[in-house]
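K.L.:
Quick check, what structure comes out for this input:
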Amino acid sequence: MSEKKYVAYVGCYTHGSSRQGIHVYDVDVENGILTERSSVEVSNASHMAVSKNGKYLYSIEDEGVAVFERDKNGDLSRINSVNIDGMRGCFLSTDVDGKYLYVAGYHDGKVTVVHTHKDGRLGSLMDGVFHTGLGSVAERNFRPHVNCVRPTPDNKYLCAVDNGIDQVKIYRINKQRDKLELVDILRCPRESGPRIIRFSDDGKFAYILFELSNEIKAYKYDGSGKAPEFELIQTIETSAKKDVHDTHNAASGLSLANDGKHLFCTTAGEDTVSMFERDEETGMLTRKFTLPISGEYPKDLVLLPDDKHLVLANHASNTLTTFTVDYEKNIIVMNGKPIKIAQPNSIRIWPVPEE
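P.N.:
Alright, predicted model coming up:
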């Protein structure tokens with residue numbers, strides 16, 4: 001039986017001369033090498049997601065959301081796109097059953113639900129909810145900014161992380177009516193700027209990255225009752241430096257290792273990556289290192305499937321940088337020269353679709 005083949009997709013802004021919003025790379029997992037193979041036109045691909053069956057890739061674009069078919073090599077061909085009846089989104093996720101695509105709207109504070117068809121096509125808008133309320137950060141105009149939408153692993157709830165009003169709004173997913181129903185609000189400290197939520201694979205823990213306070217908060221999650229429960233168990237700073245709350249710094253990316261035993265995050269401004277060891281029983285984090293990433297403004301990061309290599313998408317320096325992770329010495333070693341790419345926003349790695 002042959003080894004699984006993997007491809008990396010990098011979504012980029014297309015403000016400049018390039019219209020190629022998604023770049024496709026072959027991934028040499030063993031050596032940690034990315035080799036560009038193809039690209040497709042899509043405007044300002046700020047985030048991407050892949051369908052549950054692995055056959056389709058969804059991307060943010062200026063007009064709404066586009067869907068591409070993935071061929072046996074992982075190359076992309078456009079199927080269709082839908083207008084999300086709002087401003088350009090910034091984050092995508094699929095639900096556990098593969099029935100819905102969720103879109104986060106940073107600019108208009110909107111959560112959108114799009115129906116996905118089995119043949120890959122994007123269908124009608126099932127629901128759209130605008131967040132309301134006042135934030136605490138003057139530069140953000142006191143407006144809601146939905147930065148991340150992610151379903152709970154039990155597929156009961158949708159978590160909408162609002163960077164502008166320092167809240168995570170939790171919606172019940174009513175599958176009979178195809179609607180979102182607000183059931184709870186996880187209120188975060190003022191001016192903390194929640195940015196991303198991720199869950200452990202076993203669904204017992206949630207981790208929220210805070211862009212302004214440069215922290216990760218760990219929560220126990222329990223969805224077994226009538227209402228979702230999030231119990232705060234730990235707060236840990238994203239940087240080891242004493243001036244972590246420097247306003248020039250912004251926690252930017254969050255990635256869980258494939259084995260679930262390590263959590264990685266990036267801090268833009270000081271341009272570092274931190275690794276935390278994760279206790280799978282308690283969910284608690286222990287810092288192992290904070291190191292420079294040889295790039296500017298790391299917007300996203302991903303581990304290769306064997307967890308031995310790390311790739312960072314550096315938005316301001318227009319590069320991807322790859323590192324070998326040494327878990328014994330708690331260091332990273334740069335793996336070859338930076339790869340040039342214009343304004344990368346997000347990076348994802350998936351196996352090629354099986355025939």
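K.L.:
what about the stretch 201-350 of the chain, any weak spots by pLDDT?
P.N.:
242-247 (pLDDT under 70).
K.L.:
Mind doing that once more with 90?
P.N.:
239-249 (pLDDT under 90).
K.L.:
Can you show me the strands along it?
P.N.:
For the stretch 201-350 of the chain, applying DSSP state E, counting those that start in this stretch gives strands covering 205-210, 215-222, 229-237, 250-256, 262-268, 272-278, 285-292, 298-303, 309-314, 319-326, 331-334, 339-340, 344-351.
K.L.:
Pipe the ones you listed into CSV and attach distance to Val168 per row.
P.N.:
C-betas here are computed from N, CA, C, even on glycine. Listed next are the strands of the stretch 201-350 of the chain as CSV, based on distance: least, C-beta to C-beta, whole Å:
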stretch, distance to Val168
strand 205-210, 7
strand 215-222, 10
strand 229-237, 8
strand 250-256, 14
strand 262-268, 17
strand 272-278, 20
strand 285-292, 19
strand 298-303, 20
strand 309-314, 24
strand 319-326, 30
strand 331-334, 30
strand 339-340, 34
strand 344-351, 20
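K.L.:
For the ones you listed, could you give me TSV that also reports mean neighbour count?
P.N.:
Below are these laid out as TSV (neighbours: other C-beta atoms under 10 Å):
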stretch	mean neighbour count
strand 205-210	25
strand 215-222	21
strand 229-237	16
strand 250-256	22
strand 262-268	24
strand 272-278	21
strand 285-292	16
strand 298-303	22
strand 309-314	26
strand 319-326	20
strand 331-334	15
strand 339-340	16
strand 344-351	21
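K.L.:
right, and these - which one's nearest Glu3?
P.N.:
strand 344-351 (10.1 Å; C-beta to C-beta).
K.L.:
Tell me, how many residues neighbour Asn53?
P.N.:
11 (other C-beta atoms under 10 Å).
K.L.:
Tell me both backbone torsions, phi and psi, for it.
P.N.:
Dihedral pair for Asn53: phi -90, psi 0, per degrees, to the nearest 10.
K.L.:
List the residues that contact it.
P.N.:
For Asn53, the contacting residues are Gly98, by C-beta atoms under 8 Å, 6 or more residues apart in numbering.
K.L.:
Would you mind measuring from it to His117?
P.N.:
The gap separating Asn53 from His117 is 12 Å, by C-beta to C-beta, to the nearest Å.
K.L.:
Check which helix or strand Val10 maps to.
P.N.:
For Val10, the element it lies in under DSSP states H and E is strand 6-12.
K.L.:
coming back round to it: could you say which one of the strands of the stretch 201-350 of the chain comes nearest to Ile170?
P.N.:
Minimum separation from Ile170 across those (C-beta to C-beta) falls at strand 229-237, 8.1 Å.
K.L.:
Which other helices and strands does that closest one contact?
P.N.:
strand 215-222, strand 285-292 (3 or more C-beta pairs under 8 Å, 6 or more residues apart in numbering; DSSP states H and E).
K.L.:
again, only this time at 6 Å
P.N.:
Secondary-structure packing of strand 229-237 (3 or more C-beta pairs under 6 Å, 6 or more residues apart in numbering; DSSP states H and E): strand 215-222.
K.L.:
Pull the residues that contact the strand it packs on.
P.N.:
With C-beta atoms under 6 Å, 6 or more residues apart in numbering as the test, strand 215-222 has contacts from 206-209, 229-237, 283.
K.L.:
Going by distance to Pro305, which of the residues you listed wins?
P.N.:
Nearest member of the contacts of strand 215-222 to Pro305, counting by C-beta to C-beta, is Tyr207, at 20.6 Å.
K.L.:
any idea what sits nearest the closest one, other than its immediate chain neighbours?
P.N.:
Closest residue to Tyr207 apart from its sequence neighbours, by C-beta to C-beta, 6 or more residues apart in numbering: Arg198 at 5.1 Å.
K.L.:
Report the separation between the residue lying closest to Ser200 once chain neighbours are set aside and Arg172.
P.N.:
Among residues not flanking Ser200 along the chain, Gly260 sits closest, at 6.1 Å (C-beta to C-beta, 6+ apart). Distance of Gly260 to Arg172, given as C-beta to C-beta: 27 Å.
K.L.:
what number of residues lie near the residue nearest to Glu270 when sequence neighbours are not counted?
P.N.:
Leaving aside its sequence neighbours, Glu270 sits nearest to Asn249 (C-beta to C-beta, 6+ apart; 5.3 Å). Neighbour count for Asn249, taken as other C-beta under 10 Å: 21.
K.L.:
and the strand or helix carrying the residue nearest to Tyr207, what other elements does it pack with?
P.N.:
With elements delineated by DSSP H and E, Arg198 resides in strand 194-199, which encompasses its position. For strand 194-199, the packing partners by 3+ C-beta pairs under 6 Å, 6+ apart come out as strand 146-151, strand 157-162, strand 205-210, strand 250-256.
K.L.:
just so I know, which of the ones you listed lies nearest Ser18?
P.N.:
Nearest of the helices and strands packed on strand 194-199 (C-beta to C-beta): strand 250-256, 22.4 Å.
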